[in-house]
Structure formats: structure tokens, C-alpha cells
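Enquirer: what's the 3D shape of this:
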Amino acid sequence: MRKSIRAIKSNRESYCEGLPSALIRSIDFNGCGPFYLSSDRVCDVVEWDHRRILLAPPNCDGQLMRRTELLVGLFVLGCANGLISQIRFSVHELGWQKALLELFDISAIVIVACVSGVALVARTATNETRPADLPVAIAFLVLVVLPVSQLSWLAVALLSTYIIVFTEIDDAGRRGAIILFAITVPMLWSRLLFHAFGNFILNIDARLVAAILGTRQAGSTLEFADHSGDLVILPACSSLANMSLAFLCWVAASQTVGHKWRPEDIIWCAFACASVIAINVSRLSLMGLSQGSYITIHSQLGDQITGMLMLATIVGITLLGIRREVLART
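Expert: Sure, this is the predicted structure:
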């Protein structure tokens, strides 16, 4: 017969010496059944009477936090701190109103990927905390609390790598860690790459635009098509940031639906990145026609239209590439 532990007398601690009463859920009173904790871990009951219950180690250690809860907490903290730092920076640079209209310069793809990655990690059935988890968690917290915003994304990347490479975890947890690592590509690694090779990357964009317009180009500067002045391509207009978002969208969507990797996935991901480059170069080319077209396109409305077009293109190509898994879920 199975009863809830609450059906016994109120002094539950006397039945489970050394275990907090909050951990107790239910018990099989056959004398050999499972003892359930709130963490869903199961322990064998080896002896019981009306005074105490003895549990068989090491199946149950009475731990207060599962490994899943630890990992989810760390990832939520790292992502939240990184996003909040970006919000603060955007507000400081643009003011509340303009920053809000531009969504604090945070792509919807990043937000959705954060939610999806954390949700997958939360679904993992790996409950036992491992000895290496504690020093990893401490190192993670040290990086997060340091007053450098990019260190939060570095912490997320390192924790994701630790889970993927050095631990045994179920499929859901591994897919979630892959998504969370992919988030750091646009939020950290592409920015570091641009910091190191920014001039070279901007020169590529400028050469493509100059070739389309047929005007002279020097570095990241090119002449307007009507020869009314020069257009300078700034880092915010680079194709690299949008390419990293296309990569993130593909990884997040494919891992969320459990898409199995195939060689043609490289083609789909490259197609999404190439489409982003084409849209960005076309926008820059239209801006380079004249100063009037520059003012019209390089406006808040123009930026929003371009952003929505890129988002629709990235998501559309991604869904087309994983259509089998998407249709299987509908």
C-alpha cells in the first residue's frame, strides 16, 4: 500500500533522520519500495518502523539541488547578465526611447535562442551533481560578477563547452548547451573577430558596393554614384554581425526540433548567410546612390525595414532547411 508521507503524523523528521522534511514526497510502505525526494531521485528503503527510516547509500545523498537546477540557474544568470549589460549600453548611447524602439540592439533571434537553450537544459534527466561541477560553477560566477559585460558570454561559452565535451548528458541537455554556445557567436566571438580584423571586413563590404555602383573605393570609404560625396561604411553596417545571427538561427532552430545533422546542412546555413550579405550589400548600394538616398535609407524606419527583411529571410531559409522536423511536429 502506498501512502503520502503527509498521511503520517506531523513530525516527519523523526521518520527520516538527517533529511529535511521539505525533501520528503512519498514512500512505499512495503518495506522495500522506493523512497521519493522532491528532486525526483529514488532511494531504496532497507529498513523502516514507526521511529525511523534507513536509506541505502549511495543511491540517495539528500542533496538540495539537482545538477539540472544548477546548470539552468547558471545559464539564466549568465544570459540575463549579458543581455542586461547590452540594454544598459544601448540606453546610455541612445536614450530610453530610441533604445526601446531599436529593441536595445538585441535581435529577437538571440532572445528566442536563450529561451530555447535554457528550456532544453531544464529538460535533462541528469540529476547527480559531479565533483567537477562545483569548481566550474565557481569559475562561472567569478566571470559573471566581474564588471566586464562580455565576460558573461565567455562564461556561457565555457560552461556550454564543459557540458558538451567533458560531461555525459542526455540529448536534450546537449542540444541546449549547443544552442547556448551558438548564442555567444553573435554576442561575443563575432565582435572579437571584428575587433581584430574590422578594417579587412569593412573593406570587403566596401569593395562589393563599389563594384555594384562602379565608383572608386579606398578602404571602407567609397564615392557616391552621383559623385556628390563619399560614403563611409561603419562597423554597425557590416555584414559580419548579421551573418552570425543567421548561423545562430540555424543552430537554434535545428537543435530545438531535434534535427539530425546532414552534409547539406552546411549548404543551408551558407545560403542563409549569403542571403544576409546580399541584403546588406544591396542596402549599402542603395545608400551609395546619392546623399538623398543615404538619408532616406539610413533612417530609423529604413533600419527597421531592413532588420525585418533580414529576420524574415533568415527564419524562412532555416525553416525550409528543417521542414521535415517542423512538419512532423504539426
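Enquirer: Can you pull the domain assignment for this structure?
Expert: 2-55, 67-329 (automatic domain parsing).
Enquirer: Of these, flag the one that's most buried.
Expert: domain 67-329 (a mean of 17; mean count of other CB atoms under 10 Å). For glycine as for every other residue, the C-beta is placed from the backbone atoms N, C-alpha and C.
Enquirer: Make a markdown table out of the domains of the chain and add mean pLDDT.
Expert: Shown next, in a markdown table, are these (pLDDT from 0 to 100):
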| stretch | mean pLDDT |
| --- | --- |
| domain 2-55 | 39 |
| domain 67-329 | 93 |
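Enquirer: ok, Gly176 - contacts?
Expert: 116-124, 255 (CB atoms under 8 Å, 6 or more residues apart in numbering).
Enquirer: doesn't Ser282 make contact with Leu309?
Expert: No. In this structure Leu309 lies outside contact range of Ser282 using CB atoms under 8 Å: 9.7 Å.
Enquirer: is it possible to export the contacts of Gly176 to CSV including distance to Val326 and secondary structure?
Expert: What follows is the contacts of Gly176, written out as CSV (distance: CB to CB, whole Å; DSSP: H, G, I helix; E, B strand; the rest coil):
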residue, distance to Val326, secondary structure
Ser116, 14, helix
Gly117, 18, helix
Val118, 21, helix
Ala119, 17, helix
Leu120, 17, helix
Val121, 22, helix
Ala122, 22, helix
Arg123, 19, coil
Thr124, 23, coil
Gln255, 13, helix
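Enquirer: which of these lies closest to Ile87?
Expert: Nearest to Ile87 among those, counting by CB to CB, is Val118 at 18.3 Å.
Enquirer: Now that closest one. Nearest residue, chain neighbours left out?
Expert: In this structure, Val118 finds its nearest non-sequential neighbour in Phe75, 5.3 Å apart by CB to CB, 6 or more residues apart in numbering.
Enquirer: one step back: just send the contacts of Gly176 back as TSV, with distance to Ile322 too.
Expert: TSV is the format used below for those (distance: CB to CB, whole Å):
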residue	distance to Ile322
Ser116	13
Gly117	16
Val118	20
Ala119	18
Leu120	15
Val121	20
Ala122	22
Arg123	19
Thr124	22
Gln255	10
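Enquirer: Make sure I have this right: Leu158 is in a helix.
Expert: Yes. Judged by DSSP: H, G, I helix; E, B strand; the rest coil, Leu158 forms part of a helix.
Enquirer: Show the contacting residues for it.
Expert: Taking CB under 8 Å, 6+ apart as the definition, contacts of Leu158 comprise 139-140, 143.
Enquirer: Out of those residues, flag the one nearest to His92.
Expert: Leu143 (22.4 Å).
Enquirer: sec struct for that closest one, please.
Expert: Criterion first, three-state DSSP; result for Leu143: helix.
Enquirer: start the count at 56, not 1, going forward
Expert: Okay, using 56 as the starting number, the last item reads as Leu198.
Enquirer: With adjacent residues omitted, what lies nearest to it?
Expert: Nearest residue to Leu198, sequence neighbours excluded (CB to CB, 6+ apart): Ala210, at 3.9 Å.
Enquirer: The helix or strand hosting the one you found: what's the following helix or strand?
Expert: Assigned by DSSP states H and E, Ala210 falls within helix 205-221. Moving toward the C-terminus from helix 205-221, the next helix or strand (DSSP H and E) is helix 226-239.
Enquirer: for the helix or strand just after that following helix, packing partners?
Expert: Counting by DSSP H and E, the next helix or strand C-terminal to helix 226-239 is helix 245-268. Contacts defined by 3 or more CB pairs under 8 Å, 6 or more residues apart in numbering; DSSP states H and E place helix 245-268 against strand 272-273, strand 276-278, helix 294-311, helix 319-342.
Enquirer: which one of the ones you listed lies closest to Leu214?
Expert: Across the helices and strands packed on helix 245-268, closest to Leu214 is helix 294-311 (CB to CB), at 16.4 Å.
Enquirer: So which elements touch the closest one?
Expert: By 3+ CB pairs under 8 Å, 6+ apart, helix 294-311 packs against helix 163-177, helix 226-239, helix 245-268, helix 319-342, helix 355-376.
Enquirer: how far is the fourth one from where the chain is centred?
Expert: Same thing as helix 319-342. Mean C-alpha position of helix 319-342 versus that of the full chain (CA atoms, centre = their mean, to the nearest Å) differs by 22 Å.
Enquirer: Just the residues contacting it, thanks.
Expert: Residues contacting helix 319-342 (CB under 8 Å, 6+ apart): 260, 263-264, 267-268, 286, 288, 292-294, 297-298, 300-302, 304-305, 309, 314, 348-349, 352-353, 357, 361, 364-365, 368-369, 372-373, 375-376.
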